[in-house]
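> quick one, structure for this:
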Amino acid sequence: MNPVKFRETKIVLKNIHRPHSRRLKTYLKAGGYQALKKVLKGMNPQGVIKEVERSRLVGRGGAAFPTGLKWEFAREAKDIPKYVVCNADEGEPGTFKDKQILEKDPHLLLEGMAICGYAIGARQGNIYIRGEYFQAYRILKEAVKEAEEKGFLGKNILGEDFSFSISLYRGAGAYVCGEETALLDSLEGKKGQSRVKPPFPAFEGFQNKPTVLNNVETLANIPDIILKGAQWFLKIGSQKTPGTKIYCLSGDIQRPGYYELPTGIKLKRLLIDYGKGVKGELKAILPGGVSSSFLTRKDLSVALDWPSVAKRGSQLGSGAIIILNDTHCMVDIARRCAQFFAYESCGKCSPCREGTKRTRELLTNITLGRGELSDLELLCELQEVMYDTSRCGLGQAALNAVRSAILKFRDEFEEHIRERRCRFGICPLGKESS
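From the prediction side, this is the model:
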């Protein structure tokens with residue numbers, strides 16, 4: 001692909017630089033709600049789902065599950081009522097993509113949800129928004145009110161026999177509620193803890209009824225797919241997972257920020273052309289936030305789509321790309337990742353509850369000069385056990401960064417253990433942890 005195409009392709013962020021972009025008036029001038037009109041006036045629900053399926057759109061929240069297939073499951077489910085739930089929790093460290101849509105183009109999300117509701121036969125949508133997103137919550141609330149007043153939400157939308165309402169629900173800061181079933185429990189007023197799957201939410205979700213649960217960025221793709229067609233979408237980005245992706249760059253990078261680009265852009269090109277290079281010497285990259293595995297300089301040629309990153313032994317996830325330069329101690333980084341997951345574990349299943357705590361203890365001991373070489377094998381084994389036995393994605397991914405740090409930077413771990421020395425002067429070897 002040529003550089004111009006990479007820069008100019010915008011789908012979910014196409015409106016955010018317009019003056020007063022969050023207002024309904026601005027959205028309508030930019031062609032807003034035309035996709036909903038097209039759906040209600042001339043498409044049947046099955047036709048909408050087929051168009052989404054043909055686009056090969058996959059979830060942008062991390063799991064990359066085929067969106068159209070999820071909608072098909074919910075459509076075929078016999079139980080009623082049905083629900084559309086938007087995951088706007090965005091708790092992955094290093095992720096700040098959905099915030100841009102919520103604050104700058106909220107009607108794009110509302111239109112995508114309404115189209116989904118029509119497709120699966122739902123009359124109610126719920127947006128589960130991160131509790132810390134105070135401004136986004138206020139803007140969304142105003143947008144819902146605007147849409148209701150102008151007949152784009154509520155009863156008999158655009159004069160047709162379709163009614164759809166949207167409610168907002170604020171989370172309380174639990175990282176585990178980014179997992180779909182924990183989110184649903186929280187939405188129902190319960191403690192946010194994962195459910196056993198199956199049954200999957202498409203069959204038994206909110207209030208044990210068929211539910212489509214999609215990420216903000218995923219739903220924001222829907223209006224353009226409907227208006228311009230699946231064939232248009234398929235021509236953008238990687239053929240494996242077409243379309244665009246918002247990549248969030250943070251850490252030791254010259255120009256951190258969010259960049260919507262076609263999927264499949266090379267990691268090196270993203271860092272140089274858009275991030276303007278690394279501050280210092282590149283050491284490690286987390287391509288999908290702290291729940292992903294480390295990549296190194298050897299992986300700069302990887303294409304940024306979900307299958308390609310998976311082949312390198314990591315996970316693209318939500319596209320939270322964290323850059324680390326050579327001033328960081330990887331033992332300290334691994335300990336901090338472990339500390340995060342130990343704090344955020346909901347505690348419902350013992351592999352995650354006990355495994356994250358034990359990981360934190362082992363890594364803390366290594367940073368204090370009390371580690372043993374056998375600890376490294378134990379940590380790798382613990383990662384495999386937690387991946388196989390944890391109830392949800394939090395426990396399954398909690399030790400990805402730790403295990404990959406040990407495998408790719410083992411010399412630093414062995415130096416801490418054998419020599420009781422941190423070459424970076426970061427770890428408090430021989431001292432009590434603060």
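> which secondary structure state is assigned to residue 86?
strand (DSSP: H, G, I helix; E, B strand; the rest coil).
> show me the strands in the stretch 101-250 of the chain, by range?
Using DSSP state E, counting those that start in this stretch, the strands assigned to the stretch 101-250 of the chain run over residues 124-129, 165-170, 211-215, 244-251.
> how about the ones you listed, which one is nearest residue 59?
Counting by Cβ to Cβ, residue 59 lies closest to strand 211-215 out of these; the figure is 5.8 Å. For every residue, glycine as well, the C-beta is placed using N, CA and C.
> C-terminal to the lowest-mean-pLDDT helix or strand in the chain, what's the next element?
None of the helices or strands of the chain scores lower by mean pLDDT, DSSP states H and E than helix 3-8, at a mean of 44. Note on helix 3-8: by DSSP states H and E, the next helix or strand toward the C-terminus is helix 24-29.
> show residues contacting that following helix.
15, 18-21, 32-33, 105, 107-108, 143, 146-147, 150, 152 (Cβ atoms under 8 Å, 6 or more residues apart in numbering).
> quick one: residue 362 and residue 371 touch, right?
Yes - using Cβ atoms under 8 Å, residue 362 is in contact with residue 371, at 7.1 Å.
> moving along the chain from the strand or helix carrying residue 378, name the first helix or strand you hit.
According to DSSP H and E, residue 378 maps onto helix 373-389. Past helix 373-389, further along toward the C-terminus, the next helix or strand under DSSP H and E is helix 393-397.
> buried stuff in the helix holding residue 378?
375, 376, 379, 382, 383, 386, 387 (16 or more other Cβ atoms under 10 Å).
> try stretch 320-335
Residues 320-324, 328-335 are the ones in stretch 320-335 that count as buried (16+ other Cβ under 10 Å).
> these two touch, right, residue 363 and residue 329?
No - here residue 363 does not reach residue 329: they are 11.4 Å apart, not a contact under Cβ under 8 Å.
> returning to what we had before: of the buried residues of helix 373-389, closest to residue 69?
Nearest to residue 69 among these, counting by Cβ to Cβ, is residue 387 at 24.2 Å.
> distance of that closest one relative to residue 264?
27 Å (Cβ to Cβ, to the nearest Å).
> in stretch 204-211, what counts as buried?
Quick answer for stretch 204-211 (16+ other Cβ under 10 Å): 204, 205, 206, 209, 210, 211.
> oh sorry, the question was meant for stretch 252-272
For stretch 252-272, a neighbour-count test (16+ other Cβ under 10 Å) marks 252-253, 256, 258-265, 267, 269-271 as buried.
> restricted to strands, list the residues you listed.
Counted as lying in strands by DSSP state E, out of the buried residues of stretch 252-272, are 258, 259, 260, 261, 262.
> mind picking the two most distant members of the residues you listed?
Maximum pairwise distance among these (Cβ to Cβ): 14.9 Å, between 258 and 262.
> one step back: neighbour-wise, which one of the contacts of helix 24-29 leads?
Of the contacts of helix 24-29, residue 108 is surrounded by the most neighbours, 31 neighbours in total, counting by other Cβ atoms under 10 Å.
> please enumerate the helices of the stretch 101-250 of the chain.
All helices of the stretch 101-250 of the chain, identified by DSSP state H, counting those that start in this stretch, fall at 106-120, 134-149, 180-187, 216-220, 222-228, 230-234.
> helices or strands next to the fifth one in the packing?
Meaning helix 222-228. helix 34-42, helix 45-55, helix 106-120, helix 230-234 (3 or more Cβ pairs under 8 Å, 6 or more residues apart in numbering; DSSP states H and E).
> just name the most buried of those.
The highest mean neighbour count among these, using mean count of other Cβ atoms under 10 Å, belongs to helix 106-120: a mean of 27.
> got the domain ranges for this structure?
3-234, 244-325, 330-419 (automatic domain parsing).
> per-residue pLDDT of the closest residue to residue 242 other than its chain neighbours, please?
In space, and not counting its chain neighbours, residue 242 is closest to residue 234: 5.0 Å by Cβ to Cβ, 6 or more residues apart in numbering. Looking at residue 234, its pLDDT is 97.
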